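Asks: coordinates only, no sequence provided:
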């Protein structure tokens, strides 16, 4: 009986030894034919500045001088920055941050519920920061990048009325989207233009610990056009 077991074991070993070269050959053939997918580890950073235009209706007070100052608050400047990581050929994830500020000032201004103000200064500011989804298309000389981001939108209104400072603030949900086209100056840097917008509304502001509600939601959305410098790792 032991001899039968020994013969069976030896036959099994022989079979294994016969099969192993075929398996090894098959694996070798597979490794030769298999082409590993390209791995992308492309990082891009851009920063720029430009013009911002406040969207939405301008509040009309009936005072032409005050209405003109409110119109001036629609025009301002912006600073915009993007950090993006492309782990696929056509898309990646990143972070967008943009800051918009629109100042105005005047003398002898009549403000509702306040009265006459000899020296009036105001600056309305909005800061957006949020994670983004980005897509890219490029050629040897040009790169086109689009992105959409979601995140908090911080609103700050700073007023100075005859030396009395009043600060109003609020935080709301914001959406940012943009498209940027750049010319590749060299293998790692680029110069271009970006058109983008940030959307958001507020229904109240916080002033000195008090919540002041508006009669209607107020738009703090901006459309922006910026010139930027970019840096790439690919």
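Replies: On my side now, so go ahead. This is a predicted model, so every value here is computed, not measured.
Asks: in the helix or strand hosting residue 179, which of the residues would be classed as buried?
Replies: For residue 179, the enclosing helix or strand under DSSP states H and E is strand 164-184. For strand 164-184, the neighbour count (16 or more other C-beta atoms under 10 Å) marks 168, 170, 172, 174-178, 180, 182, 184 as buried. The way it works is simple: take the backbone N, C-alpha and C, and place the C-beta from them, glycine included.
Asks: try stretch 61-71
Replies: Applying a neighbour-count criterion of 16+ other C-beta under 10 Å, one finds 66, 69-70 buried in stretch 61-71.
Asks: after the strand holding residue 179, next one along is what?
Replies: strand 189-199.
Asks: ok, back up a step: partners of the strand holding residue 179 in the sheet?
Replies: Strand 164-184 pairs in its sheet with strand 142-161 (antiparallel), strand 189-199 (antiparallel), strand 201-207 (antiparallel), by DSSP bridges.
Asks: where are the low-confidence patches of the chain?
Replies: Residues of the chain that meet the criterion pLDDT under 70 lie in 1-37.
Asks: per-domain residue ranges of it.
Replies: Domains of the chain are assigned by automatic domain parsing as 1-35, 42-232.
Asks: packing partners of the helix or strand hosting residue 50?
Replies: Using DSSP H and E, residue 50 sits in strand 42-54. Other helices and strands packing on strand 42-54, by 3 or more C-beta pairs under 8 Å, 6 or more residues apart in numbering; DSSP states H and E, are strand 75-86, strand 91-111, strand 189-199, strand 222-232.
Asks: next up, the contacts around residue 47.
Replies: 79-82, 228-229 (C-beta atoms under 8 Å, 6 or more residues apart in numbering).
Asks: in the biggest strand by length in the chain, what counts as buried?
Replies: For the chain, the strand with the greatest residue count under DSSP state E is strand 115-138. In terms of neighbour count (16+ other C-beta under 10 Å), strand 115-138 has its buried residues at 117, 120-130, 132, 134-136, 138.
Asks: ok, stretch 206-219 next?
Replies: Using 16+ other C-beta under 10 Å as the burial criterion, the residues of stretch 206-219 that qualify are residue 218.
Asks: hmm, who's touching it?
Replies: With C-beta under 8 Å, 6+ apart as the test, stretch 206-219 has contacts from 54-57, 166-170, 200-205.
Asks: can you do 6 Å?
Replies: 55-56, 168-169, 201-205 (C-beta atoms under 6 Å, 6 or more residues apart in numbering).
Asks: reformat the residues you listed as a markdown table; add distance to residue 160.
Replies: Compiled in a markdown table, the contacts of stretch 206-219 are given as follows (distance: C-beta to C-beta, whole Å):
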| residue | distance to residue 160 |
| --- | --- |
| 55 | 25 |
| 56 | 24 |
| 168 | 13 |
| 169 | 16 |
| 201 | 26 |
| 202 | 21 |
| 203 | 25 |
| 204 | 22 |
| 205 | 16 |
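Asks: of those residues, which is the nearest to residue 97?
Replies: Residue 97 lies nearest to residue 169 out of the contacts of stretch 206-219, by C-beta to C-beta, at 17.9 Å.
Asks: report the separation between that closest one and residue 71.
Replies: 23 Å (C-beta to C-beta, to the nearest Å).
Asks: could you do residue 229 as well?
Replies: Counting by C-beta to C-beta - residue 229 and residue 71 are separated by 32 Å.
Asks: so what pairs up with the residue minimising distance to the centre of the chain in the strands?
Replies: Centroid check for the chain by C-alpha atoms, centre = their mean gives residue 96 as the closest residue, at 2.4 Å. Here residue 96 shows beta-bridge partners residue 82, residue 130, assigned using DSSP bridges.
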